[in-house]
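Enquirer: sharing a model prediction with you, sequence too.
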Amino acid sequence: MTLPQKLSPPPLPKGFFTSQEAEEAREKEKILMAAVFLYPECSNDCVFCCYSKKREVKETLKPEEYTLLLKEISELGVKTVFVPGMGEPFLRERGKFFLNFSRTANEYGMYVVVPSNLNPTPTAEFIRELHTLDVSVIGKLESMIPEVLTKLTQPKIPYDLVKVDEGHITKGLSLLMEAGFNAENRLGCGTCLNTLNAEEAENIFRFYRRNNIFPYMQDTAPFGKALENPWLWEGLNYSEIFERLKRIDREEFGFEWEMKGHYVAFDFSYPMVYIEYDGTIRYNNYFLVDMGKVKDDEEYKKGYLKEVVNSKFSSTLRKIHFPRGKDPDCCLSDHSKCKKILLKPEDGMIELTEEPNKYCIYHSHCE
């Protein structure tokens, strides 16, 4: 059998969806995934963090409010609950709550995907219990060189690292592998490419593939702290790096996939709804428009999430495709030629405009 005949898409981690599933969901106006933020504090202080400019959070939802929220999310037909990494959920004092949160989501028929810095290292007991639940983990490995990893992530607690043939990995990542998360397609890992780790990209990518860890390798988004540190990303040819990684996949591992926008190889362009710490509802993090809250003062507004998600505004957002534009004249930051999206910037407006760049200059994509 020739190499082209052997090529196939790499297996997705459990809880994720193919591009075809995302397209079908858009056509039927279904929501596949809900992102639920749990904590505003993080155990790292990464120099490229796009969340570093988030507004101050004075109060988060209470445990009983999260339980009610999960029930309502499941009634919307959501299949996966994504817990964004801002606010390390595996910290020891938070681990019990995260396990209970995941168990409740599972009881409502939903899978859980969670990014984690894996710092401090989760306990063996925590990992054993986590393994019994329907949960996939996206670890973080910004570098396999300890000094570079520390400079990029600025951990509040020093990393506990383990030496492997290719370099160093976190002990937490090693324990997840020992527990079998990678063998069961329940482990991915993220690397934000920049000037400090660009030369390592191929080495890191090979480590992921050899160990059945699904790679989420992205360019450095010019938001938050990265915007204040342009030396991290200016001058890097991300397309060239990504093409090298695709070539490695084709020639060494027999995988073929379509590169989506600014990352390899996860596709986060699913129809989603975001619930922030204080209950603020947004449709997909690409759109910085608040659509209401599940909570008003101290009273949880039961049923309001469904009302917002089924609104005309949300319905319009669901019809927009997020992957990189197919028009050859378009790019990630300029859709002035195709004039196919986005929405007007004023809150509440759903009329499409011929001036798409006025809404979102970086995460704007044409259909």
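Expert: Right, received. Where do you want to start?

Enquirer: okay, now the domains of the protein?
Expert: Per automatic domain parsing, the domain ranges recorded for the chain read 3-264, 325-367.

Enquirer: tell me the average confidence for the first one?
Expert: Averaging pLDDT along domain 3-264 yields 88.

Enquirer: what ranges do the strands span in the protein?
Expert: Taking DSSP state E as the test, the strands found in the chain are 33-36, 80-82, 111-116, 135-140, 161-164, 167-170, 187-192, 214-218, 263-264, 272-275, 281-282, 295-296, 299-300.

Enquirer: Glu240 is nearest to which of the ones you listed?
Expert: strand 263-264 (12.4 Å; CB to CB). Placement of C-beta: from N, CA and C, glycine included.

Enquirer: and for Leu245, the neighbour number?
Expert: Neighbouring residues of Leu245 were enumerated by other CB atoms under 10 Å; the total is 22.

Enquirer: ok, now how distant is it from Phe214?
Expert: The gap separating Leu245 from Phe214 is 13 Å, by CB to CB, to the nearest Å.

Enquirer: those helices in the protein, which residues are they?
Expert: 3-6, 19-27, 63-75, 92-107, 124-131, 146-153, 171-179, 201-210, 224-228, 238-248, 304-309, 312-318 (DSSP state H).

Enquirer: redo these as CSV? Include distance to Asn117.
Expert: Shown next, in CSV, are the helices of the chain (distance: least, CB to CB, whole Å):
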stretch, distance to Asn117
helix 3-6, 36
helix 19-27, 27
helix 63-75, 21
helix 92-107, 13
helix 124-131, 14
helix 146-153, 7
helix 171-179, 8
helix 201-210, 16
helix 224-228, 16
helix 238-248, 23
helix 304-309, 29
helix 312-318, 30
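
Enquirer: of all the ones you listed, which one is nearest Gly188?
Expert: Nearest of the helices of the chain to Gly188, taken as CB to CB: helix 201-210 at 8.3 Å.

Enquirer: chain center to that closest one, what's the gap?
Expert: 19 Å (CA atoms, centre = their mean, to the nearest Å).

Enquirer: got it, and stretch 170-182?
Expert: For stretch 170-182, the distance to the chain centre is 20 Å (CA atoms, centre = their mean).

Enquirer: okay if I get the strands of the chain as CSV plus mean neighbour count and distance to Pro89?
Expert: Converted to CSV, the strands of the chain look like this (neighbours: other CB atoms under 10 Å; distance: least, CB to CB, whole Å):
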stretch, mean neighbour count, distance to Pro89
strand 33-36, 23, 11
strand 80-82, 24, 12
strand 111-116, 22, 6
strand 135-140, 24, 10
strand 161-164, 15, 21
strand 167-170, 21, 15
strand 187-192, 24, 15
strand 214-218, 22, 17
strand 263-264, 23, 22
strand 272-275, 24, 15
strand 281-282, 22, 20
strand 295-296, 16, 20
strand 299-300, 12, 22
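
Enquirer: quick one: which of those strands is nearest Ser43?
Expert: strand 111-116 (9.4 Å).

Enquirer: alright, calling it a day.
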